[in-house]
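S.K.: Coordinates only, no sequence provided:
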């Protein structure tokens, strides 16, 4: 199934709604995480997260909180600090996600690297993310970040 998903994205640059529904089935989620850890496809991960954010913003569309975190994880495992702002957007899409979306996902590119990236950005979103991130560092939220990314996600 995962190879079909990857092939469709590689050929079309997008995924059909039917394929996206298949992505969010637990067995496919776990397989896609494993696949992307070994064969990165950041473009597809970003595509899925942007799609997830749009769905979560649509109050008439029943898009799950855990699915938004899954899409964030797909981006985070690519370890690019620049992706922290897109993941921050996912975290702040609504009150529930702000409260429950794991801050660790924003640090996929490394805690220090993400901190530096956010500090050097000039947007309001980056400043907000930076301040929140600093508070989370002080609270110890990143003390075991390696374990967070190496174990099965709690939300799957």
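M.R.: Looks like it came in fine. Nothing here was measured: the structure is a model prediction, and the numbers come from that model.
S.K.: Number of residues surrounding the nearest residue in space to residue 79 that is not next to it in sequence?
M.R.: When the adjacent residues along the chain are set aside, residue 79 lies closest to residue 109, with 5.2 Å between them (CB to CB, 6 or more residues apart in numbering). Where C-beta positions appear, they are placed from N, C-alpha and C, glycine not excepted. Neighbour count of residue 109, defined by other CB atoms under 10 Å: 21.
S.K.: doesn't residue 80 make contact with residue 109?
M.R.: Yes: contact criterion CB atoms under 8 Å: residue 109 and residue 80 qualify, at 5.1 Å.
S.K.: How many neighbouring residues does residue 25 have?
M.R.: Look at residue 25: counted by other CB under 10 Å, it has 12 neighbours.
S.K.: and if you look at residue 27?
M.R.: Residues within reach of residue 27, counting by other CB under 10 Å, total 11.
S.K.: Okay, it and residue 87: tell me how far apart.
M.R.: Taken as CB to CB, to the nearest Å, the spacing of residue 27 relative to residue 87 amounts to 24 Å.
S.K.: Could you look up the SS state of residue 143?
M.R.: Classification of residue 143 by DSSP: H, G, I helix; E, B strand; the rest coil places it in coil.
S.K.: Okay, it and residue 90: tell me how far apart.
M.R.: From residue 143 to residue 90 the distance is 23 Å (CB to CB).
S.K.: Looking at these two, which is more packed in?
M.R.: With neighbours defined as other CB under 10 Å, residue 143 and residue 90 compare such that residue 90 has more, 22 against 11.
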